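Q: what's the 3D shape of this:
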Amino acid sequence: MDQSHSNTSQSRSTDRKTVEKNRRIQMKSLYSELNSLLPQPSRELLTLPDQLDEAANYIKRLQVNVEKKRERKRKLIATTCFEKSNSAGSSSVNVIAPKRVPKIEIQETGSILHIFLVTSLEHKFMFSEIIRLLTEELEAEITHAGYSTVDDAVFHTLHCKVEECDHGSRSRIYERLEKFVNSVT
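A: Here you go, the predicted structure:
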């Protein structure tokens, strides 16, 4: 009976050691994963407990930022909903809210034009038409084109390279794009 009790006790001790060893390995892995997510500058100079404190503080700052962004999002949504309910319910006459007017902004950096276009979903065709205008009529080279959609708004971004030309040619590009956007409204 003593022999079996001794074997069981040794077995439990070995099991505990194995479990403890696996736990340490897992903790080291989690620590290195957490440490890799922290900003780089001062990690090497800190002791392990200080690094963990820094990680905890960093996570708290991220949580505060996330909460601020969520609150801002809630306010924007509430404002939008309030405006929609006011425009729909303030009058006994059915009033249709005006559609989003297409807006264009053009910035110049050297030979690169940065074009930002905001349209509604029904005017998203304008983006491809502006690309056609730039490439065929104004002989610009498109270097980047993209868009993102938020609710009913489509945000287009376009970067194009124009050959070195005088100020008159560039102003002609601006005028042509402005004229096109304004003709759609």
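Q: confidence score at residue 163?
A: For residue 163, the pLDDT comes out at 73.
Q: isn't it up against residue 113?
A: No - using C-beta atoms under 8 Å, residue 163 is not in contact with residue 113; the gap is 11.5 Å. C-beta: built from backbone N, CA, C; applies to glycine.
Q: so between those two, which is more surrounded?
A: residue 113 (22 against 10; other C-beta atoms under 10 Å).
Q: go ahead and confirm that one touches residue 106.
A: Yes - using C-beta under 8 Å, residue 113 makes contact with residue 106 at a distance of 6.0 Å.
Q: got any residues that touch both of these two?
A: Residues touching both residue 113 and residue 106 (C-beta atoms under 8 Å, 6 or more residues apart in numbering) are residue 173.
Q: shaky segments in the protein?
A: Applying pLDDT under 70 to the chain flags the ranges 1-9, 39-44, 78-101, 164-170, 185.
Q: okay, which residue is most central for it?
A: Nearest to the mean C-alpha position of the chain, by C-alpha atoms, centre = their mean, lies residue 148 at 10.3 Å.
Q: please tell me how far that one sits from residue 140.
A: Distance, residue 148 to residue 140, by C-beta to C-beta, to the nearest Å: 22 Å.
Q: same check on residue 162?
A: Using C-beta to C-beta, one obtains 5 Å as the distance from residue 162 to residue 140.
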